[in-house]
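Asks: Structure of the sequence below:
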Amino acid sequence: MTVPSGEIHSVIQDALSTQKHPTVTVLSSLLAIQDRIGYLPDEAIEETASFMRTSVNDVWGVASFYKNFRFELPATHIVEVCWGPTCSLLGATKVIQKIQSLLGISGEGDTPDRRATLRYNTCLGACAQAPVVSIDHDLKGRVDSERVAAEIHDIFNDKV
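Replies: Residues are numbered from 1 along each chain as shown. Down below sits the predicted model:
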């Protein structure tokens, strides 16, 4: 979701204030904001610190600890590959190499045109379906290089 810069403050405030109590924490607050905006802009760290009555450093410590938080606008599509033990044993490395080749990148990160982000994930929670890939939060199980290539071509309409 792209939020105009003039509306970021109100979207952050809404995300913070609509959390279900009593489970409000720094972590839940950051997750609520990222769910709404797609990333954590600088204002999110500051607003969360104020909302939780803690320091910016404490909030930054939580945000920077968890790998899934983004600090810049996400790419259009998010591709995550599980590389946990079961997925690795059943072919995740070849799947990762195929995705990197299709996206024209050599590791995790965004494509130069910001159409896709590749992430490695230690667990996508579907070991029985290994190897597993998540494309825009849609899990695909028992993937191989050919199937993942077809999935990537589908999201890019054969433009990769």
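Asks: Now do the strands in this structure.
Replies: Secondary structure of the chain (DSSP state E): strands located at 77-82, 109-110, 116-121, 133-135, 138-140.
Asks: Backbone dihedrals for L73, please?
Replies: For L73, the backbone dihedrals (degrees, to the nearest 10) come out as phi -50, psi 130.
Asks: hang on, it packs against G38?
Replies: Yes. Counting by C-beta atoms under 8 Å, L73 does reach G38; the two are 6.6 Å apart. Heads up, the C-betas are built off the backbone N, CA and C, glycines and all.
Asks: now the helices: where do they sit in this protein?
Replies: 8-17, 26-37, 42-52, 56-65, 85-89, 92-103, 145-155 (DSSP state H).
Asks: Can you lay out the ones you listed as JSON lines showing mean pLDDT?
Replies: Output for these, formatted as JSON lines (pLDDT from 0 to 100):
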{"stretch": "helix 8-17", "mean pLDDT": "92"}
{"stretch": "helix 26-37", "mean pLDDT": "95"}
{"stretch": "helix 42-52", "mean pLDDT": "96"}
{"stretch": "helix 56-65", "mean pLDDT": "97"}
{"stretch": "helix 85-89", "mean pLDDT": "97"}
{"stretch": "helix 92-103", "mean pLDDT": "96"}
{"stretch": "helix 145-155", "mean pLDDT": "92"}
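Asks: Which among those is found nearest to C123?
Replies: helix 85-89 (8.6 Å; C-beta to C-beta).
Asks: Could you check how far the residue most central in space within the chain is from S50?
Replies: Closest residue to the average C-alpha location of the chain: N68 at 5.4 Å, with C-alpha atoms, centre = their mean. Using C-beta to C-beta, to the nearest Å, N68 is found at 23 Å from S50.
Asks: Can you dump the C-alpha atoms of stretch 45-53 in CSV for me?
Replies: Provided in CSV are the C-alpha atoms of stretch 45-53 (Å, rounded to 0.1, in the frame of the first residue of the first chain):
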residue,chain,number,x,y,z
ILE,A,45,9.6,4.3,15.1
GLU,A,46,9.0,7.7,16.6
GLU,A,47,5.2,7.3,16.9
THR,A,48,5.5,3.9,18.4
ALA,A,49,8.0,5.1,21.0
SER,A,50,5.6,7.9,22.0
PHE,A,51,2.6,5.6,22.0
MET,A,52,4.3,3.0,24.1
ARG,A,53,5.9,5.6,26.4
